[in-house]
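J.: make a model of this:
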Amino acid sequence: MRSHHPHQSGRQSRPAVRALVLALTVVAAMLPWTGAAQAHGTVINPATRAYQCWQNWGHRHMDPALQTQDPMCYRAFQANPDTMWNWMSQLRDGLGGQYQARTPDGQLCSNALSRNDALNQPGAWKATTVSRNFTLQFYDQASHGADFFRVYLTRQGFNPNTQRVGWGNIDLITQTGRYAPTQNISFNVSTSGRSGQHVLFVIWKASHMDQTYMWCSDINIV
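T.: Below is the predicted model:
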């Protein structure tokens with residue numbers, strides 16, 4: 001009976017292992033994003049539409065309950081799973097400050113990215129309950145820092161269940177100054193007397209290059 005020698009077997013398999021590792025490396029390089037190397041950030045409280053989908057359903061995206069308990073996230077996931085998985089990277093380069101001119105009405109929540117158009121759809125998005133004065137929390141894994149944040153809020157009477165967000169139905173309520181590179185940033189926001197269901201729209205101008213992020217967070221102001 002032939003004996004089996006682990007060391008001998010290992011020597012014989014090394015070329016095959018090296019070939020497999022090389023193949024996996026090539027495949028990984030071809031993926032749209034690969035973890036921290038392409039990671040950026042988002043508003044985590046009140047959670048953006050994409051972030052709350054990932055936070056609540058990312059670990060159980062195949063659960064049938066997704067369709068019935070959170071139909072907006074279900075529709076977004078069906079339209080493009082990347083909307084949920086790539087919640088950190090809703091960015092455009094080179095806008096040169098022309099945010100309104102280069103972001104059409106009805107496309108604000110996706111930052112005019114066609115792959116994320118499901119985020120523009122009106123409907124019963126899960127909302128975060130906030131007071132009339134609350135603290136916005138932002139997380140940036142890559143620690144880019146900020147030239148500024150601009151925070152807008154829909155006007156009283158806006159209905160997020162039936163309306164897309166456009167420039168004509170939001171008001172600028174907060175603009176910050178610069179922030180040094182860090183992963184966690186927070187600042188106070190006043191809702192200027194509004195109440196009920198609204199959409200918070202945030203622009204983040206990152207400091208490391210002309211890179212702009214835009215998101216929508218659904219809120220219930222009490």
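
J.: those strands in the protein, which residues are they?
T.: Assigned by DSSP state E, the chain shows strands spanning 41-45, 91-93, 128-130, 133-140, 146-154, 170-175, 184-190, 196-206, 211-221.

J.: which ones are touching the nearest residue in space to Arg132 that is not next to it in sequence?
T.: Setting aside the residues directly before and after it, Arg132 is nearest to Thr191 in space (Cβ to Cβ, 6 or more residues apart in numbering), at 4.8 Å. (Each C-beta comes from the backbone N, C-alpha and C, glycine too.) Each residue near Thr191 by Cβ atoms under 8 Å, 6 or more residues apart in numbering is listed here: Val130, Arg132, Asn133, Phe134, Leu153, Ile173, His198, Ile221.

J.: at 7 Å what do you get?
T.: Arg132, Leu153, Ile173, Ile221 (Cβ atoms under 7 Å, 6 or more residues apart in numbering).

J.: could I get those as CSV with pLDDT, distance to Gly96 and neighbour count?
T.: CSV is the format used below for these (pLDDT from 0 to 100; distance: Cβ to Cβ, whole Å; neighbours: other Cβ atoms under 10 Å):
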residue, pLDDT, distance to Gly96, neighbour count
Arg132, 96, 35, 13
Leu153, 98, 25, 24
Ile173, 98, 24, 16
Ile221, 98, 33, 21
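
J.: quick revisit: now the residue nearest to Arg132. Its backbone dihedrals?
T.: Per-residue torsions, Thr191: phi -90, psi 10 (degrees, to the nearest 10).
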